[in-house]
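S.K.: How does the following fold in three dimensions:
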Amino acid sequence: MRRWQAAVRDGLLAAGVLPYRGFTYEHLQGTKIGGSTFDENDYRHTAADLLEYADPTKITVYLYATVHQILFRTTPTPGKKPKAYGVLFRDARGVSHVAYLKSGTTSTNEIIICAGVLGSPQLLMLSGIGPGHQLRDKGITVILDQPMVGQGMSDNPMNGILIPSRRPVGVSLIEVVGITNFGSYIEAASRISFQTMTPSMAQAQHSANQEGSDPYRNRTIRNVIILEKVTGPFSKGYLELQSNDPNDNPRVTFNYFKDPRDLQRCVEGMKIVKRVIESRPVSAFRYPFSTFQSLVNSTLSIPTNQRRRHVSASHSMRQFCVDTVMTIWHYHGGCQVDRVVDRDYRVIGVDGLRVIDGSTFKYSPGTNPQATVMMLGRYMGQRILRERSPQ
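M.R.: Numbering: from 1, shown residues only. Next up, the predicted model:
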């Protein structure tokens, strides 16, 4: 464990985030060391790594292909559901293709959407499954009027305090986690690349590069950061189509802190962040003149989002949470279980179609959801195989 992560671990314990759990994958109250998507050689692993275990005779992967629509057969027969039978997509050159389900062999052939929290509800809507009035407004033929598609959108809001370090620090991502009893996760990173933290920072990064200067990539600056995240937010939002063009990103509103309970959890979490920053282990990394208040003020100057900064944010932690909230891409919702899909992840109201990804979640863990999504894929893959080959 790098020295910064060890200092944050000790700082969390000093701040009262107890007990110490050691290394564990479990999300238990207290301070723990968690798993990582990086191996001992700092190589990052993703779901794409699993392709090496696939049987190349049974899988075809199309790179840079964009799905435009799921195709359905409809019938006027009462009680007969629309049935998915194919997928319309375009390749990297913009040429359209249709992939059909194999017919005449088995009734278990189906299409599985795994386009993610933003992509799956968007694709359902583009294919005619969603709020009828919205689809008709975009010129889309309604296959199934399903008002819950795109609803229940949530994101775990994140705030943080940036600390210039007087000690040399290496690059480290989330390793130590403090889990509170009120739904706040405290984490830390060091030598972070600002342009990858948030979309707004990426925009600031690009603008700085265009102007010939880059205040966020000064390699002589040694930055560390302590983050606070609200897990399982009560605030809910929605996703809407901007047009019937699959290349247009959908419009998403997460309604960060709309529910006052989420804002209160952020405030309580930031109080712990303050205690961690002022603890003896973490103080060893701070410059002597850098008080918590000065760090708050400097953090307010960083473009973590496109919201305006209120003068009161310097002294009101509630306003600080609202003004500096950012995403760490823990999106979930939009195709939730029992609302859009059933307990077998089949899309309710049609045949031959499932959605299996984070859009089906009503809750996302406070730590990296990648493992949770991959476990869902593994679990449902095994179930589907058993369904198709009963023994």
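S.K.: Residue ranges in this structure under the pLDDT threshold?
M.R.: Filtered on pLDDT under 70, the chain yields the residue ranges 104-107, 192-221, 390-391.
S.K.: change it to 80
M.R.: Of all residues in the chain, those with pLDDT under 80 make up the ranges 36-44, 75-79, 103-108, 191-222, 366-367, 390-391.
S.K.: For Ser120, which non-adjacent residue is closest in space?
M.R.: In space, and not counting its chain neighbours, Ser120 is closest to Ser359: 4.3 Å by Cβ to Cβ, 6 or more residues apart in numbering. Every C-beta, even on glycine, is put in place using the N, C-alpha and C of the backbone.
S.K.: wait, doesn't the one you found sit right on Leu123?
M.R.: No - in terms of Cβ atoms under 8 Å, Ser359 does not count as a neighbour of Leu123; the distance is 10.0 Å.
S.K.: anything in contact with each of the two?
M.R.: Common contact partners of Ser359 and Leu123 (Cβ atoms under 8 Å, 6 or more residues apart in numbering): Ala115.
S.K.: The two: who's more crowded?
M.R.: More neighbours surround Ser359 than the other of Ser359 and Leu123, with 31 against 25 (other Cβ atoms under 10 Å).
S.K.: A helix includes that one, no?
M.R.: Yes - with the criterion set as DSSP: H, G, I helix; E, B strand; the rest coil, the secondary structure at Ser359 is a helix.
S.K.: For it, give me its contacts.
M.R.: With contacts defined as Cβ under 8 Å, 6+ apart, Ser359 is in contact with 115-117, 120-121, 332-336.
S.K.: hang on, isn't Pro157 packed against Lys229?
M.R.: Yes - counting by Cβ under 8 Å, Pro157 does reach Lys229; the two are 7.1 Å apart.
S.K.: For stretch 87-99, buried residues please.
M.R.: Of the residues in stretch 87-99, those buried under the neighbour-count criterion (16 or more other Cβ atoms under 10 Å) are 87-90.
S.K.: cool, and stretch 23-40?
M.R.: If you call a residue buried by 16+ other Cβ under 10 Å, then stretch 23-40 has these buried ones: 30-34.
S.K.: I would like the residues contacting it, please.
M.R.: Contacts of stretch 23-40 with the rest of the structure, by Cβ under 8 Å, 6+ apart, involve 1, 9, 12-13, 17-22, 44-46, 173-181, 365-368, 370-371.
S.K.: now it, how far from the chain's geometric center?
M.R.: Centroid displacement of stretch 23-40 relative to its chain, using Cα atoms, centre = their mean, to the nearest Å, is 18 Å.
S.K.: Stretch 101-114 too?
M.R.: Average the C-alpha atoms of stretch 101-114, do the same for its chain, and the two points are 29 Å apart (Cα atoms, centre = their mean).
S.K.: what does stretch 152-161 give?
M.R.: 9 Å.
S.K.: can you give me phi and psi for the residue nearest to Ser314 when sequence neighbours are not counted?
M.R.: Sequence neighbours aside, Asn297 is the residue nearest to Ser314 in space, at 5.6 Å (criterion: Cβ to Cβ, 6+ apart). With angles defined as degrees, to the nearest 10, Asn297 shows backbone torsions of phi -60, psi -40.
S.K.: before we move on, the earlier item: taking the contacts of Ser359 one by one, which sit in helices?
M.R.: When helices are assigned by DSSP state H, the members of the contacts of Ser359 inside them are 116-117, 120-121.
S.K.: ok, and the most crowded of those residues?
M.R.: Ranked by neighbour count under the definition other Cβ under 10 Å, the ones in helices among the contacts of Ser359 are headed by Pro121 with 33 neighbours.
S.K.: What segments of the stretch 101-250 of the chain are strands?
M.R.: The residue ranges that make up the strands of the stretch 101-250 of the chain, judged by DSSP state E, counting those that start in this stretch, are 111-113, 129-130, 144-145, 151-153, 158-164, 176-179, 184-190, 223-230, 237-240.
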